[in-house]
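Participant: quick one, what's the 3D model for this:
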Amino acid sequence: MQRAAGETRVALELLVHGVGGTTPDAMLGDPRTVRVTGDETAAVHRRSEDADAEDRPADYQDRPVPEAYVWSNLTSGNSSRALWLLLLPFMVVNLAHWMRPAARGMARLCRLYGLLVRVVALTLTVLLVGAACEVALDLAAWQCAGRPACAGQRSWLGFLSPAGGGWWTGPGRRLALAALVPTALTVLLWYLSHRTWSSYESERPLPGLPEPDDGETGGHPALGRPGFWYGRRLVARLRAAHTAAGLLTVAATLSFAAAGFDRGPHGDPVLAVLGAVLQCSLGAAALVVLWVVCSRGRSERRLDMAIDGAITGRLPAASAVLLALAVLHTAWDRPGWASHGLLPGNQAFGVIALLQGLLVVALGITAVLLRRSAPDPRAALRGLGGPAVAMLGCALGGVMTGGVAQRVGDWLDGPGTPGMGNGLIKGPPEVLSWQAAVIPPLIVVLLALAAYFAVRTWRVKRELLGAVPAEYPEERPDTARTRRIAGTRARAGLTDRAPWFVGATALVTLVLGAAALTGAWTTRKVPGRAAEGTPPFVESFAETSQALGSWLIGFGFILFVTWARRAYRDATARRTIGILWDVGTYWPRAAHPFAPPCYAERAVPDLTWRMAAWTGAHPDGLLVISGHSQGSVLAASAVWQLDPGTRAKVALLTYGSPLERLYGRWFPAHFGPDCLRALHDETRCWRNLWRATDPIGGPVRLAGDGGADVDLGPLKDPLAYGRTRQHPLPAPILGHSDYRADPSFESARSTLLELLRPGAPVPRQPPGPGPERGTGTGDRARAGTGEPPGDGSRAAQAGPPGPRAHEAPEV
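Facilitator: Residues are numbered from 1 along each chain as shown. Presented below is the predicted three-dimensional model:
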């Protein structure tokens, strides 16, 4: 970094790490570090010798002062956060909200898309609490405790057995006592959401961003809106609604069970009337919950500080009162009432599955209509990524809830198979057995898809075998070395084909789910019983699918629990789960309040405050924010949140960045080509380093003036093919790691610092020869990605003049 004679301008490099986390020592290359600002959760660190760097500018004439922002504890620091793995379905459906296609002038459809996702999220909460009711109320209290043969083998159920003759032996009182389990689960989810809401959603963004006009966004993408990273009001509303929905689910389960007896010949007319009034009240409360979920989305255009106290306080309280009345009504003494068969109301699981399927289909139709207004050929699944991920979220919810019911039912049933009539209890509802029975065919399809992509990868590797040695013309070819490099590049290209794997899985899941629901409702029997009398092969296949599916779906849930328990005790496993959460919890909780919290609502304000404070204290200073992997997404988000004056003093350096390759494709409304182009236009200067061997990072593919200057790559990887004087030992294939060790990194950083100097021009970079110069996006780099050759320009794909795709209203 060259300086003018006598110039004492201080330069700062703010480093932001990527997925998985790291330590300040590793980021700064020095074990002696000090915390500059922040707390034990997230903080900015410097080397000890750089603590007073601003007071000694002459010592930093040829290098910037490095600072490290460490945010890994936001996702993987606390052992209890490993239990967030059990909230995976909620996180997945929350991602579907942000996968909305880019749109132009489709405000109502954008709002409809967000509404549909929020309703899908609500069904997942009802499904989870319903599964707890199935296990505690139906399988344990109603079926097993109601049969002396089953209760006799479970000592902890003995005091509930009718054979004991105690006060708790009546069906209503057994159900009332068992209702504590799903109620406790709902309260626990409320508590976790409220605790994280108080720490994550309560972080206020940097003030000063102008509020867009009501009709437009002021030309800025959504991530630049003042209220984007402050979702306190919506999360509070949704938390109240979902908590109420959980409590009402428990109350409805109790009420339907009692109503089945009260309306019979031996029922009490007074209790029947009271039960009908209670059910009407539950229905009215459910409508209020649905209204709260549907009536209001996110308010991003301004910093919304309001809290809907009437809703957040009174709705859960009113639902709790209705639950208490339902417990009292159900526990009332009813002579002659005995538990037989399944608990009344078990058809709810089929209704939820049907509703989820219809909502996903409606979401897909909405996504197709939105994409037509602003087609983006790079969008995942042509804009259908959101519906596909929502379908997978529902499937994960079904696996976890159905797995619990199947395992508990199999355990209580003794030697028999639930639903086959040869055990101690009848077992879970038939629809859960049918859903378990389609798991083996789904796994067969997934294995076939995996085999297809493995063959594709092998073919790409063969095509690259001739190209790799040509990049190192002065070195002697080595077959084994060539295969390793080609294999790494081919496997890195799997990222670009992942959307089709996800789409195919979602489609097969939807079709098999519809088949399972049809089979359950038409036969009213489990698959093994429904196939009786059919040809031997069909009957054997049905029985095997049911038994194997029940085992697999239970194993899937046990795997979740085991992984979470291991991560609770093992820091290495906890770090692995943290990597998943780094990607999945970047987005605010816009659809499901019980999803793991959004760490970016703390990290982005941290970065914006740090950049604004430092540039304000050092008006002549130069600042480069340098982000790797997920850190590049945080860095770009923070730059978007700066006011124009501060943004003009900041340069952006990204490397191994998923900004376009993952976020641009899966979240086109927020990271699509128009949004990334706007980021480039509003930032003083930007450089992006990438490698063809990197499975996560890639080019940002900007079109138009200056767009080609941003991407520097593909960088040569490995730096040396064989042994050379500069590399006497074999150079490693770095892939996604160690970008800062590449010579191009320091060169790009120096260029950015020079461009930040007042009066410095922002020249267009001349096209380079390829990987050796670290410029361009040549055809050779695309060989492993499945993309057609070309210059990567989007200019020819641009639509007609009109509202930008990133100017859609908030949803």
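Participant: okay, the nearest residue to residue 637 once chain neighbours are set aside and residue 685: tell me how far apart.
Facilitator: Nearest residue to residue 637 in three dimensions, chain neighbours excluded: residue 604, at 4.9 Å (C-beta to C-beta, 6 or more residues apart in numbering). In this view, the C-beta of every residue, glycine as well, is placed from N, C-alpha and C. Counting by C-beta to C-beta, to the nearest Å, the gap from residue 604 to residue 685 is 21 Å.
Participant: what about the two, which has more around it?
Facilitator: Using other C-beta atoms under 10 Å as the criterion, residue 604 and residue 685 rank with residue 604 on top: 27 against 21.
Participant: wait, a strand at the more buried one?
Facilitator: No. Residue 604: not assigned to a strand; according to DSSP: H, G, I helix; E, B strand; the rest coil it is helix.
Participant: got the contact list for the nearest residue to residue 606 once chain neighbours are set aside?
Facilitator: Using C-beta to C-beta, 6+ apart and skipping residues adjacent in sequence, the residue nearest residue 606 is residue 42, 5.8 Å away. Residue 42 makes contact with 69, 70, 71, 73, 74, 602, 603, 606 under the criterion C-beta atoms under 8 Å, 6 or more residues apart in numbering.
Participant: and the residues you listed, which is closest to residue 231?
Facilitator: residue 602 (12.3 Å; C-beta to C-beta).
Participant: now the spatially closest residue to the closest one that is not a sequence neighbour, what's its secondary structure?
Facilitator: Nearest residue to residue 602 in three dimensions, chain neighbours excluded: residue 203, at 4.9 Å (C-beta to C-beta, 6+ apart). Classification of residue 203 using three-state DSSP returns coil.
Participant: need the phi and psi values for residue 203.
Facilitator: Note on residue 203: its backbone torsions stand at phi -80, psi 120 [degrees, to the nearest 10].
Participant: give me the neighbour count for it.
Facilitator: Quick note: residue 203 (other C-beta under 10 Å) scores 17 neighbours.
Participant: quick one: low-confidence parts of this structure?
Facilitator: 1-8, 76-84, 164, 208-220, 416-417, 419, 421-422, 561, 564-580, 760-811 (pLDDT under 70).
Participant: which ones are touching the spatially most central residue of it?
Facilitator: Geometric centre of the chain, nearest residue: residue 584, 3.1 Å, by C-alpha atoms, centre = their mean. When contacts are counted by C-beta under 8 Å, 6+ apart, residue 584 touches 91, 92, 95, 596.
Participant: ok, it to residue 188 distance?
Facilitator: 21 Å.
Participant: then residue 666?
Facilitator: 31 Å.
Participant: equivalent analysis for residue 751, please.
Facilitator: 52 Å.
Participant: so for these two, which sits in the more crowded spot?
Facilitator: residue 751 (19 against 11).
Participant: three-state assignment of the closest residue to that one other than its chain neighbours?
Facilitator: Distance criterion C-beta to C-beta, 6+ apart; nearest residue to residue 751, sequence neighbours excluded, is residue 687 at 6.8 Å. Under three-state DSSP, the three-state class of residue 687 is strand.
Participant: quick one: residues contacting residue 687.
Facilitator: 652, 653, 654, 709, 710, 712, 748, 751, 752.
Participant: tell me which of the residues you listed fall in strands.
Facilitator: If you go by DSSP state E, the contacts of residue 687 have 652, 653, 654, 712 in strands.
Participant: ok, the first one to residue 14 distance?
Facilitator: When C-beta to C-beta is applied, the distance between residue 652 and residue 14 equals 10 Å.
Participant: which residues do those two both contact?
Facilitator: Contact criterion C-beta under 8 Å, 6+ apart; residues shared by residue 652 and residue 14: 624, 625.
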